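In: got a structure for you, letters missing:
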């Protein structure tokens, strides 16, 4: 079996088009343009790239972008003040504070101050709880994007066995909640799991979110399984070149899986698309409109 | 193998003694007596029994009890008003609204109004989220009690496989979170799970929380496993007598399991003990004291 490749880039682009249409519809019906504020403190080069990609996607989707690029020495009080202002600003429907923040700023304090109803990253504990109990809220972008990719190849997960490797608050745990909502039987595996390969082999849907380059091997994959690779790891090839790889040994696993996401071009673009989607949802909710 | 019986009644009584000592210590050091308010609307006979047991345990643990027994025709506004008053009352550290409420009262609205920092039932979405992301909060009483019982027979769950049958917000989901925190590999199974007996047979720890009398049979249980029976089902025996049974076919499963909770006398008493424990925790937090 050779797996079909789940083209995250293409699906994300299609989603951008849909979001743009819905954003235009909201502007026409309610005079509201969904607005996303991005706060970047300091000069972390990776963060700068992420923020640039997010701002670019915002424009593509017809959303309004509010950028705050602050010097590394900005005080915590100043950042908190900006978040408070954004919480009150009716033109802002989503607030994203790019992590990591400089060490003199308490990230939990800053993230905890974001209005849960503008928390498009879905990191606020209230949104984690809403997801858990099944109330409307914001789902973190990476698991939301991964769930859309899974749905593209398998719309009905009822009774299928999903294994999520990794139990982070940002990916593993919310991913498990989403799969459970879709009626999968869900196993959460992690660094302490005994015989991880055997656990993975029972999965109809395998989601790897551990941050270890090419950890998942072909013999961990059940033939025909859907494999979602959340990892983005920068490695150096034997030739000394830099290269991005996932948590899954792609080439060998693609020989066994039924469908698989590549890295790059799989989950990554969906994360940004879902940030746009969360912002769109937020604007619709704020306007009392139905998506 | 014949399972050792996990005596929930005895463990709950020991916990009551510990709670009483800690409540007395708080009274001595901070002049604060933990207070639990219980709101009961209407004459549901089962609810009346639960409330009586809770009030009795409150006295045993040296906590202060505030009882509100309201007639079935009490308006929603009145109940909301009482919750608001209790939210503000510094003598009240825990608020419990007994479910079910009469049909003219919106339970979600009432529960959602309870101050999350007095929500000793742990049903508020913010507390579900705190549990999920690992912040201090209130854990629902039944899973908290079940986790204590498991810990009594197996203090280190690292790498063990736990299977939770049932995905309710009150038991299944928070139970899975607790087991994950204790480093177990966790599977959440439910009505849609394919070949449930086979999934259960992989469990070192099996938690049944489905509400189906004696559903779990001996051949679902891995020899030596810890079996926690959350179910409390009233059945009629062939002789026409009423009888309480769990979700586990106790007699046959006790032949296979390593340890098992009986019904009654297993998880039930722990649920009430953990309501006391949550109230104690709340009072300590409010007083800025360390348990």
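Out: Cool, the structure landed. Here the structure is a predicted model, which is why all the values come from computation and not from measurement. Residues are numbered from 1 along each chain as shown, chains lettered A, B, ... in the order given.
In: tell me the SS of residue A:143?
Out: helix (DSSP: H, G, I helix; E, B strand; the rest coil).
In: please, which helix or strand holds the one residue in chain A that gets nearest to chain B?
Out: Proximity of chain A to chain B (Cβ to the nearest Cβ) peaks at residue A:129, 2.8 Å away. Using the backbone N, CA and C atoms, a C-beta is placed for each residue, glycine as well. Element membership for residue A:129 (DSSP states H and E) is helix A:125-133.
In: pLDDT averaged over that helix, what's the number?
Out: Per-residue pLDDT over helix A:125-133 has a mean of 97.
In: what's that helix in contact with?
Out: If you take Cβ atoms under 8 Å, 6 or more residues apart in numbering or on different chains as the criterion, helix A:125-133 is touched by A:112, A:116, A:119, A:122, A:135-139, A:169, A:173-174, A:177-178, B:124-133, B:135, B:137, B:169, B:173.
In: buried subset of those residues?
Out: Among the contacts of helix A:125-133, those buried by neighbour count (16 or more other Cβ atoms under 10 Å in any protein chain shown) are A:112, A:116, A:119, A:122, A:137-139, A:169, A:173-174, A:177-178, B:124-133, B:137, B:169, B:173.
In: what about the nearest residue to residue A:182 once chain neighbours are set aside, which SS state?
Out: Nearest in space to residue A:182, with sequence neighbours left out and distances taken as Cβ to Cβ, 6 or more residues apart in numbering or on different chains, is residue A:157 at 4.3 Å. Secondary structure assignment for residue A:157 (three-state DSSP): coil.
In: my guess is residue A:157 contacts residue A:181, does it?
Out: No: applying Cβ atoms under 8 Å, one finds residue A:157 not in contact with residue A:181, separated by 9.3 Å.
In: comparing these two, which shows the higher neighbour count?
Out: Comparing residue A:157 with residue A:181 by neighbour count (other Cβ atoms under 10 Å in any protein chain shown), the higher total belongs to residue A:157, at 24 against 16.
In: quick check: pLDDT value at that one.
Out: With respect to pLDDT, residue A:157 scores 98.
In: for it, give me phi and psi.
Out: Dihedral angles of residue A:157 (phi, psi; degrees, to the nearest 10) stand at phi -90, psi 0.
In: mind checking how far it is from residue A:42?
Out: 41 Å (Cβ to Cβ, to the nearest Å).
In: can you check residue A:166 too?
Out: Distance of residue A:166 to residue A:42, given as Cβ to Cβ: 27 Å.
In: cool, residue A:265 as well?
Out: Residue A:265 is 29 Å from residue A:42, by Cβ to Cβ.
In: what about residue A:82, how many neighbours?
Out: Neighbourhood size, residue A:82 [other Cβ under 10 Å]: 20.
In: go on, residue A:148?
Out: Neighbours around residue A:148, by other Cβ under 10 Å: 19.
In: what about the helices in chain A?
Out: Applying DSSP state H to chain A gives helices spanning A:8-30, A:45-60, A:76-88, A:107-113, A:125-133, A:141-153, A:172-181, A:196-201, A:250-253, A:267-287.
In: quick one: closest of those helices to residue B:95.
Out: Checking these against residue B:95 by Cβ to Cβ gives helix A:125-133 as the closest, at 17.8 Å.
In: now do residue A:84 against residue A:126, distance only.
Out: On the measure of Cβ to Cβ, residue A:84 and residue A:126 end up 17 Å apart.
In: please apply the same query to residue A:177.
Out: Taken as Cβ to Cβ, the span from residue A:177 to residue A:126 is 14 Å.
In: ok, now residue A:4?
Out: Counting by Cβ to Cβ - residue A:4 and residue A:126 are separated by 38 Å.
In: can you check residue A:212 too?
Out: Computed as Cβ to Cβ, the residue A:212 to residue A:126 distance reads 31 Å.
In: near chain B, which residues of the stretch 101-250 of chain A?
Out: Within reach of chain B by Cβ under 8 Å from any Cβ of the partner chain, the stretch 101-250 of chain A has these residues: A:124-135, A:137, A:158-161, A:167, A:169, A:173, A:176, A:180, A:183, A:185-190, A:192-194, A:199.
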